[in-house]
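Asks: what's the 3D shape of this:
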Amino acid sequence: MTRATTAVTLISEELIELLDDAALSLEQFANGCRMAPDWVRARVQAGVLQAEAGAGEGQWRFASATLVRARRIAHLEHTFDADPQLAALTTDLMEEVAALRQQLQALGAQVGPGQQDC
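Replies: Prediction:
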């Protein structure tokens with residue numbers, strides 16, 4: 001196994017571990033995104049990321065599944081120098097395409113291999 005493959009495997013294992021948790025604090029979420037808490041605050045205030053309601057920022061909780069979305073947004077912003085709103089829209093579209101692909105695969109499995117050409 002190469003060093004890059006090992007790193008990807010470790011990141012994937014960490015992500016799976018995080019996805020099992022119920023909620024993350026602001027600091028945990030920012031750390032998982034590899035971004036500063038201020039970056040997360042700005043995205044929540046802009047409506048790009050959703051925090052579970054709390055009395056104040058210090059009590060914000062983030063669904064661990066949102067971490068994947070936040071990391072994707074951060075990657076798009078960094079790689080393409082994208083505006084946060086554009087990165088969020090692109091992420092929405094990527095998530096929608098993934099969901100549609102899953103539906104298509106499920107429908108293909110229901111139809112069966114010999115019946116798809118009808």
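
Asks: got the contact list for the nearest residue to Arg72 once chain neighbours are set aside?
Replies: Residue nearest to Arg72 in three dimensions, not counting chain neighbours: Thr91, with 4.9 Å by C-beta to C-beta, 6 or more residues apart in numbering. (Glycine included, C-beta is placed from N, CA and C.) For Thr91, the contact set (C-beta atoms under 8 Å, 6 or more residues apart in numbering) comprises Arg69, Arg72, Ile73, Leu76.

Asks: mind running it again at 6 Å?
Replies: By C-beta atoms under 6 Å, 6 or more residues apart in numbering, the contact set of Thr91 is Arg69, Arg72, Ile73.

Asks: repeat that for Ile73.
Replies: By C-beta under 6 Å, 6+ apart, the contact set of Ile73 is Ala87, Ala88, Thr91.

Asks: what about the closest residue to it other than its chain neighbours, how many residues close to it?
Replies: In space, and not counting its chain neighbours, Ile73 is closest to Ala87: 4.6 Å by C-beta to C-beta, 6+ apart. Using other C-beta atoms under 10 Å, Ala87 is surrounded by 22 other residues.

Asks: how close does Ala87 get to Glu77?
Replies: Here the criterion is C-beta to C-beta, to the nearest Å. By it, Ala87 lies 5 Å from Glu77.

Asks: what touches both of these two?
Replies: Between them, Ala87 and Glu77 share no contacting residue under C-beta under 6 Å, 6+ apart.

Asks: of the contacts of Thr91, which belong to helices?
Replies: The helices, defined by DSSP state H, take in Arg69, Arg72, Ile73 from these.

Asks: as CSV, those with distance to Leu100 and pLDDT would be great.
Replies: Output for the ones in helices among the contacts of Thr91, formatted as CSV (distance: C-beta to C-beta, whole Å; pLDDT from 0 to 100):
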residue, distance to Leu100, pLDDT
Arg69, 17, 96
Arg72, 17, 97
Ile73, 20, 98
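
Asks: tally of neighbours for Asn31?
Replies: Applying other C-beta under 10 Å, we find 16 residues neighbouring Asn31.
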